[in-house]
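Undergrad: just need the structure, nothing else, for what follows:
(2 chains)
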Amino acid sequence: MTNVLEVTGLTTTFSRNERAFKVVDNLCLQVKRGESVGIVGESGCGKSVASLSMMRLLSKNGSIAGRIQLNGADLLRYSEKEMQKIRGKEIAMIFQEPMTSLNPVLTIGKQLSEGLEKHEGMNRVQSRQRVLELLTQVGISRANEIYHEYPHRLSGGMRQRVMIAMAIACHPKLLIADEPTTALDVTIQAQILDVMKKIQRELGMSLIMITHDLGVVAETCDRVLVMYAGQVIEAADVRTLLRSPKHPYTMGLIKSTPHNAKGQKRLHSIAGSVPAPDHYPKGCRFAPRCEKVMPVCLEQNPPLLDVDQQSECRCWLYRENRESTAVNG
Amino acid sequence: MFWSKQWSMPRLELWEKIMQQKKAKYSFLMMLCIVLLGIIGPWIAPHDPTKTYYEAFMQGPSKDFWLGTDAIGRDILSRMLYGTRVTLTVAVLASVMTFVAGTLIGVTCAYLGGIVDNLIMRIMDIMLALPGIVLALAIVALLGPSQENAMIAIGISSIPAFSILIRGAALSIKQSGYVEASRSIGSSNWWIITRQFIPNISNVLVVYTTMFIGSAILGTSALGFIGLGAQPPTPEWGTMLNEGKNYLREAWWLATFPGLAITAVVFTVYLLGDALRDIFDPKS
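TA: Modelled structure (predicted):
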């Protein structure tokens, strides 16, 4: 199948006070038509910035290098005007905070018509018809009433449904969902994921699901990238990753889920926290927190290499020369 | 139908809130009366404002001339009624000018940021360094004294302060999630400025504009007072005040009534602005 999105060597740098911070480092990613790819990682690992880079929605002090090809066309070559035609029409995005992502002074109908009138050139009557369909599609009953409501009258779950409707209004080829369920309670989370899966199936849309929740990944994704400190450290299809994680960080993440803590009193946790972009260690960025750290880890950052048929991993444990270096503990 | 349903709710709410609060209610009703006087003034004025009554120079308030006559025998009440319209027109049009230009500049600067923002805001700072009335004087001196030029001068001289206030309000909108969300579905800059920014700062806009109308009335009168506003024989409060000030000892009514009118109108406008701020922003 053809790749809808092909990201090669995406590097996002933020500069502040004449210092540059690489927040996303050499990210490579392919998304096939109709496929769901998850990007998992802790807060601050660069997953949101990666998604904003793909939309070219970074603030002015962020610069992007690499290639982002959407259906073969490099997005980084487009002007801002051309990008406006791509956003919403080809790629769309759902944000983490449904409470603040809707304009409080415009009605739901007005906000949903925005993209339709711009991208599809619909008039008000046509767009109204379409908006009502969309609202029904994302599982909002009483679409007719909701059309005239202001956002403050809707619950978080409803608002996120509206955000989904807004994003899919023009049938984008690719939907980027940036932690779409983080701000919602668990039952609503499941409903929202169901709606997203349903719509993805109906539209044959590709999906990039950005999350820190492995449960969400297991639920929705075909393939997963695990990010740590701006780099992809492991990439595999979802079953392989969850059943036989390769990277010590991924193992740690999976061990930390409540599901695996049966009988134990406390949840497993990975000691320490993600280093800030200006304090990345010299060698492997996970080395200071790693249980299986070796001398080579502190010296050199490992490359992302195939471990076997299914997974890629950025770890010295899987190098042929690992025997030659002493294993610590 | 679709429009009325969409917009009627917030409008009704505003009306109800105005009627609930004492300050808002009375200042609003007073403002309404003043505007009404401005509109119907020429029809209810007892005399021709420019006609000289030779038998009645500088007469005190009487049955024929309720507020007396001026130094060349014109009826003060009639002149004031005509003047309401002049003053209000100049002040309101000047404020509209400030409103349009100031909003555009403020919101665009906030939205674009960077070098454009910096450049325009520094120019505004320079203009703001001069007192508004001095700036207005300079503009009138450049264009020549007349009612229209007074209006332009007052409008331009309040643009800096207005646009800086609006920029401040708009900056908080820039960071909001819905602007980002709107960008993510491909909205153009113009759309974001008109549909996301301006509706969200409409509260601030209404309050500031009201306040600026007050200052514009003062400015109009001030320019009239020093002879750079509406030219005689056009009846204008500031001009009347100026004409009356020389006879303050012999004929107090010449300057007192126009002065009271200016004070009352400015007071009402500020009161209304204050009340509107309370309504829109209950926190402060």
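Undergrad: what pLDDT is listed against residue B:12?
TA: Looking at residue B:12, its pLDDT stands at 65.
Undergrad: meant to ask about residue B:284
TA: 49.
Undergrad: and residue A:1, by the same measure?
TA: So residue A:1 comes in at 61 (pLDDT).
Undergrad: do residue A:325 as well
TA: In this prediction, residue A:325 carries a pLDDT score of 46.
Undergrad: residue B:196 touches residue A:103, doesn't it?
TA: Yes: assessed by CB atoms under 8 Å, residue B:196 is found in contact with residue A:103 at 5.7 Å. In this view, the C-beta of every residue, glycine as well, is placed from N, C-alpha and C.
Undergrad: overlap in contacts, these two.
TA: Shared contacts of residue B:196 and residue A:103, defined by CB atoms under 8 Å, 6 or more residues apart in numbering or on different chains, comprise B:178, B:182.
Undergrad: would you confirm that residue A:89 contacts residue A:119?
TA: Yes: counting by CB under 8 Å, residue A:89 touches residue A:119, with 4.5 Å between them.
Undergrad: return every residue with contacts to both of those two.
TA: A:170, B:186.
Undergrad: enumerate the residues of the stretch 151-284 of chain B near chain A.
TA: B:176-178, B:180-188, B:191, B:195-196, B:199-200, B:202 (CB under 8 Å from any CB of the partner chain).
Undergrad: spit out the contact partners of residue A:21.
TA: A:13-15, A:277-278.
Undergrad: so what pLDDT did residue A:201 get?
TA: Predicted confidence (pLDDT) for residue A:201: 91.
Undergrad: okay, and it sits in which element?
TA: helix A:186-203 (DSSP states H and E).
Undergrad: who's in contact with that helix?
TA: Applying CB under 8 Å, 6+ apart, the contact partners of helix A:186-203 are A:34, A:36, A:137-139, A:156-157, A:160-161, A:164, A:168, A:171, A:175, A:177, A:180-181, A:184, A:205, A:207, A:216, A:219-220.
Undergrad: give me the buried subset of these.
TA: With burial judged by 16 or more other CB atoms under 10 Å in any protein chain shown, the buried subset of these is A:34, A:36, A:137-139, A:157, A:160-161, A:164, A:168, A:175, A:177, A:180-181, A:184, A:205, A:207, A:216, A:219-220.
Undergrad: next one: stretch A:26-45 to chain centre, how far?
TA: Centroid separation for stretch A:26-45 versus its chain: 6 Å, with CA atoms, centre = their mean, to the nearest Å.
Undergrad: helices along the stretch 1-150 of chain A, start to end?
TA: Secondary structure of the stretch 1-150 of chain A by DSSP state H, counting those that start in this stretch: the helices cover A:47-55, A:80-86, A:108-119, A:124-137, A:143-146.
Undergrad: next, the angle from the longest one to helix A:186-203.
TA: It stands for helix A:124-137. Helix A:124-137 runs at 120 degrees relative to helix A:186-203, counting by axes from the mean of the first three to the mean of the last three CA atoms, to 10 degrees.
Undergrad: what comes up buried for helix A:124-137?
TA: Buried residues in helix A:124-137, counted by 16+ other CB under 10 Å: A:127-128, A:130-132, A:134-135, A:137.
Undergrad: break down chain B into its helices, ranges please.
TA: Shown for chain B, the helices assigned by DSSP state H span residues B:2-20, B:22-44, B:76-112, B:114-129, B:132-143, B:147-174, B:177-184, B:189-191, B:198-200, B:202-225, B:237-245, B:253-280.
Undergrad: looking at the ones you listed, which has the lowest confidence?
TA: Across the helices of chain B, helix B:2-20 has the smallest mean pLDDT, namely a mean of 62.
Undergrad: excluding its backbone neighbours, what's nearest residue B:34?
TA: In space, residue B:34 comes closest to residue B:265 once its chain neighbours are excluded; the distance is 5.7 Å by CB to CB, 6 or more residues apart in numbering or on different chains.
Undergrad: I meant residue B:248, not that one.
TA: Sequence neighbours aside, residue B:255 is the residue nearest to residue B:248 in space, at 5.7 Å (criterion: CB to CB, 6+ apart).
Undergrad: can you report how many residues neighbour the closest residue to residue A:150 other than its chain neighbours?
TA: Residue nearest to residue A:150 in three dimensions, not counting chain neighbours: residue A:107, with 5.9 Å by CB to CB, 6+ apart. Neighbours of residue A:107 under the rule other CB atoms under 10 Å in any protein chain shown: 20.
Undergrad: which residues touch residue A:107?
TA: By CB under 8 Å, 6+ apart, the contact set of residue A:107 is A:147-150, B:6.
Undergrad: what do you get for residue A:11?
TA: Counting by CB under 8 Å, 6+ apart, the residues that residue A:11 touches are A:22, A:24-27, A:64-66.
Undergrad: residues from chain A in reach of chain B?
TA: Counting by CB under 8 Å from any CB, chain A sits next to chain B at A:55, A:57, A:60, A:83-89, A:92-93, A:95, A:97, A:99-107, A:109-111, A:114-115, A:118-119, A:124, A:128, A:148, A:163, A:166-167, A:169-170.
Undergrad: need the contact list for the residue nearest the centre of chain B.
TA: Chain B has residue B:213 as the residue nearest its centroid, 1.7 Å off, counting by CA atoms, centre = their mean. Contact analysis of residue B:213 by CB under 8 Å, 6+ apart lists B:91-92, B:95, B:269.
Undergrad: what's the PyMOL syntax to select whichever of those are buried?
TA: Buried residues among the contacts of residue B:213 (16+ other CB under 10 Å), as a PyMOL selection:
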select buried, chain B and resi 91+92+95+269
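Undergrad: show me which of the contacts of residue B:213 is closest to residue B:236.
TA: Residue B:236 has its nearest neighbour among the contacts of residue B:213 in residue B:91, at 11.2 Å by CB to CB.
Undergrad: contacting residues for that closest one?
TA: Contacts of residue B:91 by CB under 8 Å, 6+ apart are B:154, B:213, B:216-217, B:219-220.
Undergrad: and it, how far is that from residue B:158?
TA: Look at residue B:91 and residue B:158: by CB to CB, to the nearest Å, they are 11 Å apart.
Undergrad: overlap in contacts of these two?
TA: Shared contacts of residue B:91 and residue B:158, defined by CB under 8 Å, 6+ apart, comprise B:216, B:219.
Undergrad: buried set for the helix holding residue A:201?
TA: A:188-189, A:192-193, A:195-196, A:199-200.
Undergrad: what does stretch B:26-42 give?
TA: B:27-28, B:30-31, B:34, B:37-38, B:41.
Undergrad: would you convert these into CSV that also reports distance to residue A:266?
TA: What follows is the buried residues of stretch B:26-42, written out as CSV (distance: CB to CB, whole Å):
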residue, distance to residue A:266
B:27, 64
B:28, 63
B:30, 69
B:31, 67
B:34, 73
B:37, 78
B:38, 76
B:41, 82
